[in-house]
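[1] Sequence isn't available, so here's the structure alone:
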């Protein structure tokens, strides 16, 4: 009954660097949503970065973006010790993160790992694996915590052509309870730390990720 | 019954650089509204730009202005790599965006593409095509998302002498459902990315846009 | 019934530079009000100007003051290209705008053109034409939009000795509907852009306005 809260289904055929497909739960069912990030053009000399968020994010989601931002900066520091431009990208530029659709209030911590991935993708200039989606709360050290609405989210992902999904390890039981016809065609990865998400998102055929450094 | 929420019909015969005609939906029908932008005179040395908004904008519309601002700065960066003054206009100056009439609360994301066009027009110093109006949500990467109230907005646009309209591609079905006498006399363009709006708005006969660079 | 919301009638016999007589509508009738502006003494090196407002201004009126401030700075920039002190007065100093009486909440956009005139008068150091009042919303590009309560405002203005009034062009019908005995003795000017208000306010006999430059 009623029209879906998110009118959009997939409107990115191919996601560019900085954009990641997340998964939302709504009272009317699951939906995909996009985390968009861009660096803001500034005229002044580089100073320490700031993160601007838009998209009617609630308090919890707003905090999630801050956690993703802190974690991403530290992650880049460790992974790219000698690549100055990637290592300092997030800390030297001002970043704008937006979650369309702008009129729909959104909240909850489950976009944390998708936000992190969007920021890393932007910093490296590498698109994430296509047709990949992820859901999971992230902690400041990169632990991935379980989330709700697995069934609705998986159905929405499949409807939108997603073929690979990262789920928190502690949500494995929810996955196991799904009917076979729902799980069919989805390559699922259970993760308990962000370091397991990184190679799934970025170490794919044709990716320009320099694994020698990363 | 009652007087229209927006008392104004058209009060710009010709819109100068920085001003774009948007379309609003109200409980009493559609209306045109103007997005006005000017650079603020400042006495100090250039620093990174800021955006001030007035006109009783609600939270969603306020966020729309930030998305339009980020997108416009990045768009200029890409389109005008060698024209220093245009490329850095928005990032080096402080911009004031106002939506008359000042006492009427306004909200929603659908002015996003008109706000973007106003900022680009101001930065380039080129008026937009006359008798053009547009409505559509914009995302941080320039995607144009569908909006509501198409019927009321088109009727209001025609009443005000608008002859060219940009609509989101996903609103094509709403347009197709309109009676012929409503659609008559309107040159409609369906767009799913801002790059399709730019030539409609600025590449017209007599425009000073240097397409060799842009 | 009840005492008037504004206890003051005219308490400036002669308005100094920076002060303009505006017109207010209240549930108990019209009233004149004064827009007062002064430059704030600061001990520090010049920095970009700021505008402080007091007088229990509501949100819409607060925004009006920002629009008047932006417009005035740009207007001076165009009108006084070679008079450095006038041209940069508003952008290099910090300005305080107050609307007595301090305990009475005020709101609405209709003081926009009076606020603009007060700021320009302050910057030029020239009093406005005496016994002049004005009402009208101003937009960021100087358009003057219609306002309400014309009848009550005209009656209040006459009661206070006002002899010249600027009204928005779109309020002409309201003026035309007034009885002759109300309109008698008022020199009314209908304006649709601020450039029409400027000579009425400042180009009078005895004014020190250097029209050669302005």
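    Ah, there it is. No experiment lies behind these values; they were computed from the predicted model shown.

[2] Tell me the buried residues in stretch A:149-166?
    Applying a neighbour-count criterion of 16 or more other C-beta atoms under 10 Å in any protein chain shown, the buried positions in stretch A:149-166 are A:149-154, A:156-158, A:160, A:162, A:164-166. Placement of C-beta: from N, CA and C, glycine included.

[3] Let's see the pLDDT reported for residue A:42.
    Residue A:42 is assigned 69 on the pLDDT scale.

[4] follow-up on the earlier one: of the buried residues of stretch A:149-166, closest to chain C?
    Each of the buried residues of stretch A:149-166 was scored against chain C by C-beta to the nearest C-beta, and residue A:149 proved nearest at 38.6 Å.

[5] Identify the residue nearest the closest one in space, chain neighbours excluded?
    In space, and not counting its chain neighbours, residue A:149 is closest to residue A:25: 3.0 Å by C-beta to C-beta, 6 or more residues apart in numbering or on different chains.

[6] Could you pull up phi and psi at that neighbour?
    Phi and psi for residue A:25, reported as degrees, to the nearest 10, are phi -110, psi 130.

[7] isn't it right up against residue A:154?
    No. The pair residue A:25 / residue A:154 is not scored as a contact, 10.9 Å apart, by C-beta atoms under 8 Å.

[8] for the helix or strand harbouring residue A:133, packing partners?
    Take DSSP states H and E as the rule and residue A:133 turns out to sit in strand A:132-134. Strand A:132-134 is packed against strand A:19-26, helix A:112-124, strand A:164-168, helix A:194-202, with contacts defined by 3 or more C-beta pairs under 8 Å, 6 or more residues apart in numbering or on different chains; DSSP states H and E.

[9] The helix or strand following it pairs with which strands, parallel or anti?
    Going down the chain from strand A:132-134, the next helix or strand is strand A:137-138, by DSSP H and E. Paired neighbours of strand A:137-138 in the sheet (DSSP bridges): strand A:144-145 (antiparallel).

[10] who touches the strand it pairs with?
    Residues from elsewhere that reach strand A:144-145, judged by C-beta atoms under 8 Å, 6 or more residues apart in numbering or on different chains: A:109, A:113, A:136-139, A:168-170, A:191-194, A:196-197.

[11] Now the buried members of those.
    A:109, A:113, A:136, A:137, A:138, A:168, A:169, A:191, A:194, A:197.

[12] hang on, the earlier thing: just name the closest of the buried residues of stretch A:149-166 to residue A:122, please.
    Using C-beta to C-beta, residue A:166 comes nearest to residue A:122 of these, at 18.4 Å.

[13] Pull up the gap between the closest one and residue A:147, please.
    Taking C-beta to C-beta, to the nearest Å as the criterion, residue A:166 is separated from residue A:147 by 11 Å.

[14] in chain A, what spans have low per-residue confidence?
    A:1-8, A:42-48, A:211-214 (pLDDT under 70).

[15] hmm, back to that, tell me, how many neighbours does the residue nearest to residue A:149 end up with?
    Per other C-beta atoms under 10 Å in any protein chain shown, the neighbour tally for residue A:25 reads 19.

[16] How much space separates it from residue A:33?
    In terms of C-beta to C-beta, residue A:25 sits 10 Å off from residue A:33.

[17] swap in residue A:84?
    From residue A:84 to residue A:33 the distance is 33 Å (C-beta to C-beta).

[18] When these two are compared, which one has more neighbours?
    For residue A:84 versus residue A:33, neighbours defined as other C-beta under 10 Å are more numerous around residue A:33 (23 against 10).

[19] Report the distance from the strand or helix carrying residue A:67 to the chain centre.
    Assigned by DSSP H and E, residue A:67 falls within helix A:59-79. Mean-position distance between helix A:59-79 and its chain equals 11 Å (C-alpha atoms, centre = their mean, to the nearest Å).

[20] what inclination does it have with respect to helix A:194-202?
    With axes from the mean of the first three to the mean of the last three C-alpha atoms, to 10 degrees applied, the angle from helix A:59-79 to helix A:194-202 works out at 80 degrees.

[21] Any part of helix A:59-79 near chain B?
    No. Contact of helix A:59-79 with chain B (C-beta under 8 Å from any C-beta of the partner chain) is absent, the minimum separation being 12.4 Å.

[22] Which secondary structure elements does that helix sit against?
    Partner elements for helix A:59-79 (3+ C-beta pairs under 8 Å, 6+ apart): strand A:51-54, helix A:84-87, helix A:89-92, helix A:112-124, strand A:137-138, helix A:194-202.

[23] Assign a three-state SS to whichever residue of chain A sits closest to chain B, would you?
    Nearest to chain B in chain A, going by C-beta to the nearest C-beta, is residue A:102, at a distance of 3.6 Å. Residue A:102 falls in the coil class when you classify it by DSSP: H, G, I helix; E, B strand; the rest coil.

[24] Now it. Nearest residue, chain neighbours left out?
    Per C-beta to C-beta, 6+ apart, closest to residue A:102 is residue B:109, 3.6 Å.

[25] Overlap in contacts, residue A:166 and residue A:147.
    The contact sets of residue A:166 and residue A:147 overlap at A:135, A:136 (C-beta under 8 Å, 6+ apart).

[26] Pairing partners for the longest strand seen in chain A, with directions?
    Ranked by residue count under DSSP state E, the longest strand found in chain A is strand A:29-40. According to DSSP bridges, strand A:29-40 forms sheet pairs with strand A:19-26 (antiparallel), strand A:94-98 (antiparallel).

[27] quick one, what contacts the residue lying closest to residue A:20 once chain neighbours are set aside?
    Spatial nearest neighbour of residue A:20, excluding adjacent residues (C-beta to C-beta, 6+ apart): residue A:118 at 4.2 Å. Contacts of residue A:118 were listed using C-beta under 8 Å, 6+ apart, and they are A:18, A:19, A:20, A:35, A:36, A:37, A:68, A:97.

[28] same deal with residue A:186?
    A:154, A:157, A:158, A:162, A:163, A:164, A:165 are the contacts of residue A:186 under C-beta under 8 Å, 6+ apart.

[29] and if you look at residue A:89?
    Applying C-beta under 8 Å, 6+ apart to residue A:89 gives the contacts A:39, A:76, A:122, A:123, A:124.

[30] From residue A:164, how far off is it?
    Taking C-beta to C-beta as the measure, residue A:89 falls 25 Å from residue A:164.

[31] Alongside chain B, which residues does chain A contribute?
    Contact residues, chain A versus chain B (C-beta under 8 Å from any C-beta): A:7-8, A:11-12, A:16, A:18-19, A:34, A:36-44, A:52, A:54-56, A:96-98, A:100-103.

[32] And the residue nearest the centre of chain A?
    Closest to where the C-alpha atoms of chain A average out (C-alpha atoms, centre = their mean) is residue A:114, at 1.3 Å.

[33] isn't it right up against residue A:18?
    No. Here residue A:114 lies out of contact with residue A:18, judged by C-beta under 8 Å, at a distance of 11.9 Å.

[34] follow-up on the earlier one: which positions are bridged to the spatially closest residue to the residue nearest to the centre of chain A that is not a sequence neighbour in the beta structure?
    Closest residue to residue A:114 apart from its sequence neighbours, by C-beta to C-beta, 6+ apart: residue A:22 at 3.8 Å. Residues in a beta bridge with residue A:22, per DSSP bridges, are residue A:33, residue A:134.

[35] I'd guessed residue A:22 sits against residue A:35; true?
    Yes. With contacts counted by C-beta under 8 Å, residue A:22 reaches residue A:35, the gap being 5.5 Å.

[36] re earlier: got the angle between the longest strand of chain A and helix A:112-124?
    Taking the same axes, to 10 degrees, one finds strand A:29-40 and helix A:112-124 inclined to each other by 30 degrees.
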